[in-house]
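[1] structure for the following, please:
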Amino acid sequence: MSKEQGINETRIRVRYAETDQMGVVYHSNHFIWFEVGRVELLRQLGFSYKEMEEHDDCFIAVVDARCRYKAPVHYDDEIIVRTYLKHVREKVIHFAYELRSSDGARLLAEGETTHIVANAEMKPRRLPEKYLVVFRAAMLNHSSEN
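    Sure, this is the predicted structure:
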């Protein structure tokens, strides 16, 4: 696994429908973009949510979501959603996010989501070892970059 695999950067162009009456991105859209980043990080690590759910009866349900808004985002802005694993335990996964301007210079927002690992009946379960190993390696790669 290369160092870059510990972090995913996804580019998004803001759509008009994502803005409010003031022309600023409506606050809840940041959480949608966090999800986009999370899904792409998993794909970058070699698997998908769909595979986790269908093949391993492993769901990662959001139990906490936070966002700190630093600067407004407007229609047609291109942003970077930077996603990485902050902490992983057998039954809890914590992702972190940064929304940045397209040149990476300006921090627009930062956030975290905490997920419990559950089965299809939403009963807590352990994260299968094959995912735990990959997640921990991604965290090591991310921490070695800082």
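[2] contacts and neighbour counts: CA atoms only from here.
    OK.
[3] please, where are all the helices along this protein?
    Using DSSP state H, the helices of the chain run over 29-44, 49-56, 129-145.
[4] as JSON lines, these with mean neighbour count and distance to Leu85 would be great.
    Below are these laid out as JSON lines (neighbours: other Cα atoms under 10 Å; distance: least, Cα to Cα, whole Å):
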{"stretch": "helix 29-44", "mean neighbour count": "19", "distance to Leu85": "9"}
{"stretch": "helix 49-56", "mean neighbour count": "13", "distance to Leu85": "15"}
{"stretch": "helix 129-145", "mean neighbour count": "16", "distance to Leu85": "6"}
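[5] now mean pLDDT and distance to His115 too, for the ones you listed, in TSV please.
    Compiled in TSV, those are given as follows (pLDDT from 0 to 100; distance: least, Cα to Cα, whole Å):
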stretch	mean pLDDT	distance to His115
helix 29-44	97	11
helix 49-56	95	13
helix 129-145	84	13
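[6] closest one to Arg68 among these?
    Set against Arg68 and scored by Cα to Cα, the helices of the chain come closest in helix 29-44, at 9.8 Å.
[7] need the residues that contact the closest one.
    Defining contact as Cα atoms under 8 Å, 6 or more residues apart in numbering, one finds that helix 29-44 is touched by 5, 7-10, 18, 48-49, 65, 67, 81-84, 95, 97.
[8] would you mind getting the angle between it and helix 49-56?
    Interaxial angle, helix 29-44 versus helix 49-56 (axes from the mean of the first three to the mean of the last three Cα atoms, to 10 degrees): 60 degrees.
[9] the contacts of helix 29-44, buried ones only, as a ChimeraX selection?
    In ChimeraX syntax, the buried subset of the contacts of helix 29-44 is picked out as below (16 or more other Cα atoms under 10 Å):
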select :5,7,8,9,10,18,48,49,67,81,82,83,84,95,97
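[10] and of the contacts of helix 29-44, the nearest to Val117?
    Tyr49 (12.0 Å).
[11] turn the helices of the chain into JSON lines, including distance to Ala71.
    Shown next, in JSON lines, are the helices of the chain (distance: least, Cα to Cα, whole Å):
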{"stretch": "helix 29-44", "distance to Ala71": "12"}
{"stretch": "helix 49-56", "distance to Ala71": "31"}
{"stretch": "helix 129-145", "distance to Ala71": "25"}
